[in-house]
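S.K.: Give me coordinates for this.
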Amino acid sequence: MTSATRYLFRCPFCGTRNRISAAHAGQIGKCGKCGGRLNTSELFLQQPLMITDANFEEKVLRAPLPVLVDCWAPWCGACKIVSPVISELATEFKGIFRIGKLNVDANPVISARFDTRSIPTLLIFDNGHLKDTLVGAMPKPQIVQRMKEYLP
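M.R.: Here you go, the predicted structure:
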């Protein structure tokens, strides 16, 4: 369904996927089912969103889009190799998939919660649930293939 002019945006209250036109992205909308407020301001982020222990619930578990979280550390060489790919994905999948980065050293609660022992680790969430885990530095086409399984 998702095209260049329409996007699916999940209601944070009832979970219903609402169609949002590109012309209305960035505005406040209303869920077609429950009437809940839809804030589409983060729909077109073109860079990875910084995920922390404090904002994880809001930015990942209640995200209106599927989410790819890059678990990384500043000292990790493989993480530095994957980082440009993550930035490219944020641009290419804006409005379709939320891309985030979680520094495992600075955010030990979430790292422990998802048993992140090796980095880089990519976590894919949809509708508040962990759906897939990718461990190690993977090539972009392989990451994209796994992401596509969770697109509407």
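S.K.: Starting from Thr40, give me the distance back to the residue sitting nearest the centre point of the chain.
M.R.: Against the mean C-alpha coordinate of the chain, by CA atoms, centre = their mean, the closest residue is Val67 at 2.3 Å. Distance, Val67 to Thr40, by CB to CB, to the nearest Å: 16 Å. All C-beta spots, glycine's among them, are computed from the backbone N, C-alpha and C.
S.K.: returning to what we had before: isn't the residue nearest to the centre of the chain right up against Phe97?
M.R.: Yes. Under the criterion of CB atoms under 8 Å, Val67 makes contact with Phe97 at 7.1 Å.
S.K.: For Lys148, the count of nearby residues, please.
M.R.: Counted with other CB atoms under 10 Å, the neighbours of Lys148 add up to 11.
S.K.: nope, Phe125 is what I was after
M.R.: Based on other CB under 10 Å, the number of other residues close to Phe125 is 22.
S.K.: Surely it and Val69 touch.
M.R.: Yes. With contacts counted by CB under 8 Å, Phe125 reaches Val69, the gap being 6.9 Å.
S.K.: what sits in contact with each of the two?
M.R.: Shared contacts of Phe125 and Val69, defined by CB atoms under 8 Å, 6 or more residues apart in numbering, are found at Val60.
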